[in-house]
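*Asks:* Any chance you could fold what I've pasted below:
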Amino acid sequence: MMIIVRLYPKTNLEKVWHYVENVLAKETSAVVTPLYSAQLEGMMSVGIIFDVKDPDNISHFLTETLSDFDECHHTRTISLMKPVFFPIPKKRPENMQRYIIRIYTHPKNYKEIYNYFLNYKFPFNLFPIYVSYSLGDEDIVMNVAADNRQTVHNFLREKIRMMDGVDSSSFYPVVKSKRFAPLSDLIKVQQKHLADKAKKIPKSDLDEQFDFVEDFEEYAMLTGAFPRDI
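*Replies:* Numbers count the residues shown, from 1 in each chain. Reported below is the predicted structural model:
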């Protein structure tokens, strides 16, 4: 099971990131694996994505590990329910960047909106990494890659906000991320939750070893992007 824990600082977000990178990255056991962390533009929090055997497995991290970290003001824990990962296509624009899309709706619309994204035919310059029920700070969360911010904005305006039942939606660029687990472990998690339609795509069309956590930032830098733009 995948769980997101969002840490909110008292005053200094950079201290939280440093703690996550140097302390929480070691919070690994037989039942808990920290996969990666991410910081979103405009959001005063750092999110850590864990793979756990059981939701209760995260309790040690929340009640013991964090107890010595005074800079953490509060946390939010979000269980990703029915996460579905999509494979990374080999043919894609080189300047892809990652974004988080958050969608808010009534429970009666959860399934219809979720299924819409599972079956949506995404364009060449925008593709999903995963979609999941979250029911935490948002109802449905998507991790996508796009060639620029305007592409994601257009997707929300033309496809998401026009859907019946969507109360509101927003998107945030990923400005910083760090993978903690070996890439092979991340790939195993992705394969475990792979979309059904992805299994029908020829392997020759897929990049099965691509690191969706860190390589997007590297590619953006190679295309001339400044760190503040990533």
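
*Asks:* make it CA atoms for all contacts and neighbour counts henceforth
*Replies:* Noted.

*Asks:* Can you tell me the element the nearest residue to L135 once chain neighbours are set aside falls in?
*Replies:* Nearest residue to L135, sequence neighbours excluded (C-alpha to C-alpha, 6 or more residues apart in numbering): I78, at 7.0 Å. Assigned by DSSP states H and E, I78 falls within strand 72-85.

*Asks:* Next, count neighbours for Q97.
*Replies:* Around Q97 there are 25 other residues, counting by other C-alpha atoms under 10 Å.

*Asks:* what do you get for F180?
*Replies:* Neighbours of F180 (other C-alpha under 10 Å): 24.

*Asks:* quick one: it and A25 touch, right?
*Replies:* Yes - counting by C-alpha atoms under 8 Å, F180 touches A25, with 5.8 Å between them.

*Asks:* intersection of neighbour lists for those two?
*Replies:* Residues touching both F180 and A25 by C-alpha atoms under 8 Å, 6 or more residues apart in numbering: P34.

*Asks:* Relative to H153, how far out is the residue nearest to L135?
*Replies:* If you measure I78 against H153 using C-alpha to C-alpha, to the nearest Å, the figure is 25 Å.

*Asks:* which of these two has more neighbours?
*Replies:* Shown here are I78 and H153; by other C-alpha under 10 Å, I78 has more neighbours (19 against 14).

*Asks:* Could I get the contacting residues of that one?
*Replies:* Contacts for I78 (C-alpha under 8 Å, 6+ apart) come out as I3, I4, V5, S134, L135, G136, D137.

*Asks:* Then H60?
*Replies:* Counting by C-alpha under 8 Å, 6+ apart, H60 touches no other residue.

*Asks:* Just the element for it, please.
*Replies:* Of the helices and strands defined by DSSP H and E, H60 is found in helix 59-63.

*Asks:* same question, R6
*Replies:* Element membership for R6, per DSSP H and E: strand 2-9.

*Asks:* next helix or strand past that strand?
*Replies:* helix 13-22.

*Asks:* who's in contact with D54?
*Replies:* So D54 contacts M1, V31 (C-alpha under 8 Å, 6+ apart).

*Asks:* again, only this time at 10 Å
*Replies:* Applying C-alpha atoms under 10 Å, 6 or more residues apart in numbering, we find D54 in contact with M1, M2, I3, V31, V32.

*Asks:* Also K15?
*Replies:* P9, E21, F69, E71, C72.

*Asks:* Tell me who's in contact with the residue nearest to R179 when sequence neighbours are not counted.
*Replies:* Excluding the flanking residues, the one nearest R179 by C-alpha to C-alpha, 6+ apart is Y36, at 4.1 Å. Residues near Y36 by C-alpha under 10 Å, 6+ apart: 4, 20-21, 25, 47-51, 177-182, 186, 213-214.

*Asks:* Direction included, what does the strand or helix carrying Y36 pair up with?
*Replies:* Y36 is part of strand 32-40 when elements are defined by DSSP H and E. Partner strands and pairing direction for strand 32-40 (DSSP bridges) are strand 46-52 (antiparallel), strand 166-179 (antiparallel).
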